[in-house]
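Q: A predicted structure for the sequence below; I have some questions about it.
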Amino acid sequence: MSLTPKQQQFVAEYLVDLNATQAAIRCGYAEPTANREGSRLLSNVDIAAEIAKRTSAHAKKLDITAEKVLAAIAEIAFGDVRKMFTADGSLIRPHGCRHDQCRRGHGRARCQDQAHRSIARSRHAGSSSLAVQRHAQGDGH
């Protein structure tokens, strides 16, 4: 069975933040009943199937697997943030990276740690973009 336009809108809104109540409100349901309506819509088999289909498509497009997610969580949970700072407490520049994956040579073409890359990019935005590029290519180690 195909979804109604309002159900399609609910699916799209739900995928924004995975909050059924807020998705229902954004679809025009009254705030006092949005919690109940969101729950009801999520229990609809066709809506649930469409959400699963779109979620799976996003994960496949982004190459997200359970193994990669768990590895990233483990890296954050068990990583040593001290490796990103010098003895005086300043952030290490990308060309002086001591990140484990970089040091071991895994992913020399590109550092795999999202948090590390985003910190490095934000720290060195603009005039230091060459250093960030060299780091991402593995030339700055």
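A: Thanks, I have it. Quick caveat, the model's predicted, so the values are computed rather than measured. Numbers count the residues shown, from 1 in each chain.
Q: show me where this protein has its helices.
A: 5-17, 20-26, 31-43, 45-61, 66-78, 100-104, 114-123, 129-137 (DSSP state H).
Q: where does residue 115 land on pLDDT?
A: Looking at residue 115, its pLDDT stands at 50.
Q: same check on residue 21?
A: 96.
Q: for residue 72, same thing?
A: Confidence at residue 72, expressed as pLDDT, is 88.
Q: could you report the neighbour count for it?
A: 15 (other Cβ atoms under 10 Å). No exception for glycine: its C-beta is placed from N, CA and C like everyone else's.
Q: repeat for the one 5 residues further on
A: Other residues near residue 77 number 7, with proximity taken as other Cβ under 10 Å.
Q: residues contacting it?
A: With contacts taken as Cβ atoms under 8 Å, 6 or more residues apart in numbering, residue 77 has no neighbouring residues.
Q: low-confidence ranges in the chain?
A: 1, 94-141 (pLDDT under 70).
Q: can you list the domain ranges for it.
A: Domain assignment for the chain by automatic domain parsing gives 5-61, 66-137.
Q: which of the helices of the chain sits closest to residue 92?
A: helix 114-123 (8.7 Å; Cβ to Cβ).
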